[in-house]
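Participant: kindly return the folded structure for what I paste below:
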Amino acid sequence: MATSPVLIVCWLGLVLLSVASVQLGNASGGLLLAAAVLLAALGKAWLIADGFMHLRHAPPLWRGLLLGWPLMVVLVLLTLWLQRAI
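Facilitator: Here you go, the predicted structure:
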């Protein structure tokens with residue numbers, strides 16, 4: 001089985017985003033660091049959906065649903081965090 005260059009780039013992106021998430025999670029900070037970790041999680045969800053699941057070739061509805069779900073979760077978490085901070 002031949003290795004696709006796209007999959008290698010996706011894998012490297014996942015590794016870099018995972019390392020960045022761990023480093024950001026270990027830093028003490030507030031909402032900005034939490035938002036950065038959630039943004040990295042969104043990036044990983046996008047890489048997995050488009051790269052490994054090949055959804056970039058899927059119908060727009062499926063791609064929108066799979067990429068919209070992590071976005072919705074991040075927005076809900078940030079909203080709850082902001083409400084708690086007020």
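Participant: grab the most central residue of this structure for me.
Facilitator: For the chain, the residue sitting closest to the mean C-alpha position, by Cα atoms, centre = their mean, is Leu42 at 2.0 Å.
Participant: pretty sure it sits against Pro70.
Facilitator: Yes - with contacts defined as Cβ atoms under 8 Å, Leu42 counts as touching Pro70 at a distance of 5.5 Å. In short, each C-beta sits where N, CA and C put it, glycine included.
Participant: residues contacting stretch 32-49, please?
Facilitator: Outside of stretch 32-49, the residues within contact range by Cβ atoms under 8 Å, 6 or more residues apart in numbering are 10, 13-14, 17-18, 20-21, 24-25, 27, 55, 63, 66-67, 70-71, 74, 77-78, 81.
Participant: got a ChimeraX select line for the buried ones in those residues?
Facilitator: Selection of the buried residues among those in ChimeraX, burial being defined by 16 or more other Cβ atoms under 10 Å:
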select :10,13,14,17,20,21,24,55,63,66,67,70,74
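Participant: now do the helix or strand hosting Arg84: distance to the chain's middle.
Facilitator: Remark: Arg84 resides in helix 60-85, with elements defined by DSSP states H and E. The chain centroid and the centroid of helix 60-85 are separated by 11 Å under Cα atoms, centre = their mean, to the nearest Å.
Participant: what of stretch 66-86?
Facilitator: 13 Å.
Participant: go on, stretch 57-76?
Facilitator: Computed by Cα atoms, centre = their mean, the separation of stretch 57-76 from the middle of its chain amounts to 11 Å.
Participant: quick check: mean pLDDT of that stretch?
Facilitator: For stretch 57-76, the mean per-residue pLDDT is 90.
Participant: then stretch 43-52?
Facilitator: Taken as a whole, stretch 43-52 has an average pLDDT of 90.
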